[in-house]
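Undergrad: Okay, predicted coordinates and the sequence, questions at the end:
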Amino acid sequence: QVQLVQSGAEVKRPGASVMVSCKASGHTFPNSDITWVRQATGQGLEWMGWMNPKSGNTGYAQKFQGRLSMTRSTYTATAYMELTSLTSEDAGIYYCATIVGGRNDFDHWGQGTPVTVSS
Amino acid sequence: QTVVTQEPSFSVSPGGTVTLTCGLSSDSVSTRHYPSWYQQTPGQAPRPLIYSTNSRSSGVPDRFSGSILWNKAVLSITGAQAEDECEYYCVLYMGSGVWVFGGGTKVTVL
């Protein structure tokens, strides 16, 4: 049973950075690409980017280029998402999910990590 | 900028059928976009419903079905139930490792 467990809620000041972790269990971590999706407060889902845990290759939505970074630790089967230069518009819930190769859909999701940005 | 369009809201009677669409602002949706659909209730993570246009995810009731009609991806709920009242999102794969979500459709069962 694949399970993704994310880190807890974060409160950040405007201009700060946030790092959210996503620990995988129940499958061979490097074999499934990981995607990050966010949901701004009261808004819809927004795709942020993807990472191949085996190679470390990444791809980011143009909107987040320059302030988004996805990394991983294959030793602990954990993916990380870091977003810098936070503004109030970055407040919301951040989800990680696995990507099914060849199907290009997101089949297992983390529980979500709330991020608050407030001065 | 690629925009994926969904109806903001839909109402359906219990036992009725509702058809939600997922379109592209400047292209036709096809199987090469690998349309997938997700259901989200308040406070919960999205739940996968449909992948690759018309395949149901594990455990999804057969009243949910997907297809491509009128150059759009379509999610149909046949025999809607009260628990189907929530938000539905489609996502399209644009190629080159880029996905785009639609804005979501809020379905009300009444």
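TA: Nice, I can see it. Residues are numbered from 1 along each chain as shown, chains lettered A, B, ... in the order given.
Undergrad: confidence score at the spatially most central residue of chain A?
TA: Centroid-nearest residue in chain A, with Cα atoms, centre = their mean: residue A:36, separated by 3.5 Å. The pLDDT attached to residue A:36 in the predicted structure is 98.
Undergrad: Next one: it from residue A:79, what distance?
TA: From residue A:36 across to residue A:79, the span is 8 Å (Cβ to Cβ, to the nearest Å). C-beta here means a position set from N, CA and C on the backbone, and glycine is covered the same way.
Undergrad: I figured residue A:85 hits residue A:18, correct?
TA: No - in this structure, residue A:85 sits apart from residue A:18 without contact. The criterion is Cβ atoms under 8 Å, and the distance is 10.5 Å.
Undergrad: quick revisit: what residues are up against the residue nearest to the centre of chain A?
TA: Contacts for residue A:36 (Cβ atoms under 8 Å, 6 or more residues apart in numbering or on different chains) come out as A:20, A:22, A:48, A:49, A:50, A:70, A:81, A:94, A:95, A:96, A:97.
Undergrad: follow-up on the earlier one: residue A:85 and residue A:18: which has the busier surroundings?
TA: Relative neighbour count places residue A:18 above the other of residue A:85 and residue A:18, with 19 against 11, counting by other Cβ atoms under 10 Å in any protein chain shown.
Undergrad: what sits opposite the more buried one in the beta ladder?
TA: The partner list for residue A:18 in beta bridges (DSSP bridges) reads residue A:83.
Undergrad: ok, it touching residue A:10?
TA: Yes - with contact defined as Cβ under 8 Å, residue A:18 reaches residue A:10; the gap is 5.1 Å.
Undergrad: Below-threshold pLDDT in the chain: ranges please.
TA: The chain I'm using is chain A. Under the criterion of pLDDT under 70, none of chain A is flagged as low confidence.
Undergrad: what about 80?
TA: Applying pLDDT under 80 to chain A flags the ranges A:27-29.
Undergrad: Chain B contacts on that one?
TA: If contacts are counted using Cβ under 8 Å from any Cβ of the partner chain, the residues of chain A sitting beside chain B are A:35, A:37, A:44-47, A:50, A:59, A:61, A:95, A:97, A:100, A:103-107, A:109-112.
Undergrad: can we see that at 7 Å?
TA: Taking Cβ under 7 Å from any Cβ of the partner chain as the criterion, chain A approaches chain B at residues A:44-47, A:50, A:59, A:95, A:103-107, A:109-112.
Undergrad: and the two most separated of these?
TA: A:59 and A:111 (24.1 Å; Cβ to Cβ).
Undergrad: Residue B:28 and residue B:71 touch, don't they?
TA: Yes - with contact defined as Cβ atoms under 7 Å, residue B:28 and residue B:71 form a contacting pair (3.7 Å).
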